[in-house]
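> after the sequence you'll find the predicted model.
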Amino acid sequence: EDAALGFPLAAIVELEAEEGGGSGTLLTSDGWILTNAHVVALRGGGTAEQAVVSMTLDPARPPRELFRAKVAASDDELDLALLQIQSGFLGDALAPNRAFPTIELGPGAALRMGEPLRVVGFPDTGGLGTRVTISVTSGVVAGFDAVPAGRVIKTDAEITSGNSGGAALDARGRLVGVPTSRVENGSGQLGYVHPIEWIPAAWLARMGLARR
């Protein structure tokens, strides 16, 4: 864990699917990853079968392609998807004692207006080279909105293309939601975060996690 951030940097990963990409968050030490459904969506409809997983330990360097993950579940209404790392980048078997870094889940539905919120991921902009580096933006819980799937969190922490699917973290570094979209508003913007409570119970059971 990075003491300044309150979470392990390598738990936020970059994902590259067949026709798109974005960011994701490792939830379990055996390689389950949460992201947005649109990160692994196909333009003609449907969902990609797998994605390349890139990670970094150095915030000054872009992530490296290290693993391949299977898309295990996807829900377009929730705009959430669940992936599981299954092999190395070249198809090599994972070491039997490998343990991936993870982020603790927090109570997204309990957030109140004005509380601190950070967004972490790999935005399409924000790098000086051909590959971007990981970025953290800070803001607050700016409010809430209602959509068919439930209540979403509004934030003024910057969400840009590429870091959707990544991590929205509370002041303690706990994962409280998935940064999903943004709405431009004059000279500024508001971003929308899907709370962690939207993860279906069946997905939590597959990962061996309990409902919070």
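Noted; the coordinates are in hand. Numbering: from 1, shown residues only.
> what distance do you get for residue 63 to residue 92?
Using C-beta to C-beta, to the nearest Å, residue 63 is found at 18 Å from residue 92. Bear in mind the C-beta positions are built from the backbone N, C-alpha and C, glycine included.
> these two: which has the busier surroundings?
residue 63 (23 against 10; other C-beta atoms under 10 Å).
> check contacts around the more buried one.
Residues counted as contacts of residue 63 (C-beta atoms under 8 Å, 6 or more residues apart in numbering) are 13, 14, 54, 55, 56, 122, 131, 134.
> the nearest residue to it once chain neighbours are set aside sits in which helix or strand?
Distances taken as C-beta to C-beta, 6 or more residues apart in numbering place residue 54 nearest to residue 63, at 3.6 Å, with adjacent residues excluded. Using DSSP states H and E, residue 54 sits in strand 50-55.
> name the helices or strands packed onto that strand?
Counting contacts by 3 or more C-beta pairs under 8 Å, 6 or more residues apart in numbering; DSSP states H and E, strand 50-55 packs against strand 12-17, strand 64-75, strand 80-88.
> that strand to strand 64-75, inter-axis angle?
Strand 50-55 runs at 130 degrees relative to strand 64-75, counting by axes from the mean of the first three to the mean of the last three C-alpha atoms, to 10 degrees.
> which other residues reach strand 50-55?
Here strand 50-55 has contacts from 10, 13-17, 21, 24, 33, 39-40, 62-71, 83, 85, 89, using C-beta under 8 Å, 6+ apart.
> tell me who's in contact with the residue sitting nearest the centre point of the chain.
For the chain, the residue sitting closest to the mean C-alpha position, by C-alpha atoms, centre = their mean, is residue 166 at 2.2 Å. By C-beta under 8 Å, 6+ apart, residue 166 lies in contact with 12, 22, 23, 24, 25, 35, 119, 120, 121, 122, 178, 179.
> at 6 Å instead, please
12, 23, 120, 121, 179 (C-beta atoms under 6 Å, 6 or more residues apart in numbering).
> just the buried ones from the residues you listed?
Neighbour-count burial (16 or more other C-beta atoms under 10 Å) applied to the contacts of residue 166 gives 12, 23, 120, 121, 179.
> mind listing the strands for this structure?
Remark: strands assigned in the chain by DSSP state E are 12-17, 21-26, 32-35, 50-55, 64-75, 80-88, 116-121, 135-147, 150-155, 167-169, 175-185, 188-195.
> could I get those as a markdown table with mean pLDDT and distance to residue 204?
Listed next are those as a markdown table, based on pLDDT from 0 to 100; distance: least, C-beta to C-beta, whole Å:
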| stretch | mean pLDDT | distance to residue 204 |
| --- | --- | --- |
| strand 12-17 | 96 | 20 |
| strand 21-26 | 96 | 14 |
| strand 32-35 | 98 | 10 |
| strand 50-55 | 97 | 21 |
| strand 64-75 | 97 | 11 |
| strand 80-88 | 97 | 10 |
| strand 116-121 | 96 | 22 |
| strand 135-147 | 94 | 21 |
| strand 150-155 | 96 | 16 |
| strand 167-169 | 97 | 17 |
| strand 175-185 | 88 | 13 |
| strand 188-195 | 90 | 14 |
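> most tightly surrounded among these?
Among the strands of the chain, strand 167-169 has the highest mean neighbour count (mean count of other C-beta atoms under 10 Å), at a mean of 30.
> from the contact counts, what lies against that strand?
strand 116-121, strand 175-185 (3 or more C-beta pairs under 6 Å, 6 or more residues apart in numbering; DSSP states H and E).
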